[in-house]
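>>> here is my input, please return the structure:
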Amino acid sequence: MNRFLQTVAGLAFATAAALPAFAADPTDVIDYRKHVMKTLGEQAAAMAMTLQGKAPAENFTLHVQALANAASQALVAFEPNVPGGESKPDVWAKWDDFSKRMKELEANTAELAKLAASGGAAAVGPKLQSALTCKSCHDTYRQEKK
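This is a model prediction of the structure:
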């Protein structure tokens, strides 16, 4: 590895080591969780726009990848037991079920990203409905917006 890359890698490691594992302030925890979940929704909406011809079709794969990236962070955003926001207390009371659903979302979106990378929207289309089961989780674990 050249000297520049060694320096950058060293700085990244030193910075990451100095950061706290997760914010302690409940408001920050809830805000972070909202941002992650909003990202999921925004990327799903952008994917739909590409499929409907309302946005550049060549961006479909990028949106699927962004969706998978956000899904990989979603469960971590809920790990602190901080009720509030739009999350029902059942998220933590029924943690085993909730975390199972979030892990399934992560696996499903990772699979969609692989399919999109190799075959684009045509490869993803048949699996999209069964992979994104957001509504069933929202019906159980999300409060109506106030």
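>>> so where's the protein shaky on pLDDT?
Within the chain, the stretches with pLDDT under 70 are 1-23, 146.
>>> how about the helices of it, start to end?
Applying DSSP state H to the chain gives helices spanning 3-18, 26-51, 60-78, 90-93, 95-131, 134-141.
>>> just those: most buried one?
Ranked by mean neighbour count, these are led by helix 60-78 with a mean of 20 (mean count of other C-beta atoms under 10 Å). C-beta: built from backbone N, CA, C; applies to glycine.
>>> between that helix and helix 95-131, how many degrees?
Here helix 60-78 runs at an angle of 170 degrees relative to helix 95-131 (axes from the mean of the first three to the mean of the last three C-alpha atoms, to 10 degrees).
>>> what are the contacting residues of helix 60-78?
Residues outside helix 60-78 that contact it (C-beta atoms under 8 Å, 6 or more residues apart in numbering) are 22, 29, 32-33, 36-37, 39-40, 43-44, 46-47, 50-51, 87, 91, 98-99, 102-103, 105-106, 108-110, 112-113, 116-117, 120-121, 124.
>>> and with 6 Å instead?
32-33, 36, 39-40, 43, 46-47, 50, 91, 99, 102, 105-106, 109-110, 112-113, 116, 121 (C-beta atoms under 6 Å, 6 or more residues apart in numbering).
>>> from the middle of its chain, how far away would that helix be?
When C-alpha coordinates are averaged (C-alpha atoms, centre = their mean, to the nearest Å), helix 60-78 and its chain have centres 3 Å apart.
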